[in-house]
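> Model the structure of this input:
(one chain, ligands or ions: 1)
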Amino acid sequence: EILATNLKHSIFSWTKQSGLNPLNIERAKGVYIYERGGKKILDFSSQLMNVNIGHGHPKVTEAVMRQMNEVSYVHPGMITEARGLLGKKLSEISPGSLNRAFFTNGGADAIEHAIKLARMVTGRHKIISLYQSYHGATYGALTAGGDPRGLPHDSQGVPNIVHVENPYFYRDPWHSKTLEECAENAAAHMERIIKYEGPQYVAAILMEGESGSSGCIKYPPGYWKKVKAIADKYGILTICDEVMSGFGRTGKWFGIDHHGVTPDIMCMAKGITSGYIPLGGMMVKEEIIKQFDDKPLPIGLTYSAHAVACAAAKAVIEVYEEENLIENAAKMGAYLDASMVKMREKHPSIGDFRNTGLLGVIELVKNRETKEPMAPWNAAPSEMETMNKVAAKLTELGLFTFVRWNWIFTAPPLCITKEQIDEGLNIISQAISIADQQYK
Ligand code: PLP
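I've put the predicted structure just below:
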């Protein structure tokens, strides 16, 4: 009956609507989710890479209940203790003078507001972003991401977004010999495009703090710094999207912390509440928001700074700190990396793997020399036969994660232990054996 009512009366994201058999989840704790009827499933992608503290943490439940008992919602022009404390905490953990938070409902609308703000303060209109990136599903955010999820809406995309190539070392369009060369070539390419577009029209460069669902295409060392230097050279702002890479996911508070750069605007969502309640936001540099000291800032949302969401976020951030989850993410990420070195020896179809803390992916190929992917980028359903079998095996063996084209994502909650990583990798190894049979 639960399945029937869900299928009959709700609509599912990013998928055909008929013939679905979604997991029916009754409860969740730590790194495990439990199907109704009892099957225990290891969550190896923290759901949508957002349940960073793990499932069912009582501290968050208590904070939410306490806030609801006091006050659930007030007009965004009013204040609550939770809003102020959260803003203060975010300014402490954000780099540089990113001291002021504007709260949104999730990631996409944080991006929309960052684009609006950058355009307002520069008086310019173009936004530069990476082809292999995702920034959310509203029109502006979807156009800003170059991920093919946006293509069905392409005819209605927002104007003045310009995409450039990623610094994708494994599949480097410039055939760079080293990571450093790749960073150099990618930055030079970006600057060339900016010059073609007219730097005087470019408001901002928008990039994820670390690449997420478009393939965890790890930025080579120095790349972010080079991008920031280009931005500074032409008076362009930088917007860093930390929606997926933020809140400990990469083993530091934010992905950008690996790159020694302070962006002008930093967008966040997902891990800010670990998915317990929807919330997003953008941190803005003091110098930028000061420009609105004496004139109105024309942005707003009914649920901006929702009291319950702020209380949940504050509790979640305390959990990261009290339970040393960010340190654990760094440690477990290193363990995952080392384990994957061994896995690659066993499985010829593992072409590449990329982990930054617990934001990771395994890339499967038909041949290591040619790097022919096990399923091509943006594969049609007919090209997914092998990868669908790999995905089905993962589900059968009790592991939940994303399988996209030739990628298997590995992004468990930050509270995961070595034993649980071994449990997950053992299942992934069994599933990859199916792909090995297609190795040429
Ligand atoms: N930015 C990045 C990097 C994301 O990964 C996502 C979602 O996956 C978003 C933005 C959009 O966030 P939301 O789905 O909360 O709108």
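
> Wait, V162 touches I128, no?
Yes - between V162 and I128 there is a contact under C-beta atoms under 8 Å: 5.3 Å. The way it works is simple: take the backbone N, C-alpha and C, and place the C-beta from them, glycine included.

> Mind listing the shared neighbours of the two?
Common contacts of V162 and I128, defined by C-beta atoms under 8 Å, 6 or more residues apart in numbering, comprise I193, E197, V202.

> Which one of these is nearest to P173?
I193 (13.0 Å; C-beta to C-beta).

> Show the contacting residues for the closest one.
Listed by C-beta under 8 Å, 6+ apart, the contact partners of I193 are I128, V162, V164.

> and if we set it to 10 Å?
I128, V162, H163, V164, E165, V202 (C-beta atoms under 10 Å, 6 or more residues apart in numbering).

> so of those, which ones are in strands?
I128, V162, H163, V164, V202 (DSSP state E).

> Assess the claim that the second one and K195 are in contact.
Going back to what we said before, that points to V162. No - counting by C-beta atoms under 10 Å, K195 is not a contact partner of V162; they are 11.7 Å apart.

> now S245, nearest residue through space, not along the chain?
G255 (3.1 Å; C-beta to C-beta, 6 or more residues apart in numbering).

> neighbours around the one you found, how many?
29 (other C-beta atoms under 10 Å).

> Name the residue of the stretch 251-400 of the chain that lies nearest to the ligand.
A269 (4.4 Å; C-beta to the nearest ligand atom).

> Need the per-residue pLDDT for the closest residue in space to L301 that isn't next to it in sequence.
Excluding the flanking residues, the one nearest L301 by C-beta to C-beta, 6+ apart is T104, at 6.1 Å. The model reports T104 with a pLDDT of 98.

> Over to G37?
Reported pLDDT for G37: 88.

> Relative to the ligand, how far out is it?
29 Å (C-beta to the nearest ligand atom, to the nearest Å).

> do the same with K16
20 Å.

> Now name the helix or strand holding that residue.
In this assignment (DSSP states H and E), K16 forms part of neither any helix nor any strand.

> which residues touch M343?
Counting by C-beta under 10 Å, 6+ apart, the residues that M343 touches are L336, I350, F353, I362, L425, N426, I428, S429, I432.

> The fifth one in helix, strand or coil?
Using DSSP: H, G, I helix; E, B strand; the rest coil, the three-state assignment for L425 comes out as helix.

> Most distant residue from the centre of the protein?
Most distant residue from the mean C-alpha position of the chain: D294, 35.1 Å away (C-alpha atoms, centre = their mean).

> Which phi and psi values does it adopt?
Main-chain torsions, D294, degrees, to the nearest 10: phi -120, psi 20.

> What's the separation between the closest residue to the ligand within the chain and S339?
Scanning the chain for the residue nearest the ligand gives G107, at 2.2 Å (criterion: C-beta to the nearest ligand atom). Using C-beta to C-beta, to the nearest Å, G107 is found at 30 Å from S339.

> Settle it for me: which of those two has more neighbours?
More crowded of G107 and S339, by other C-beta under 10 Å: G107, with 30 against 21.
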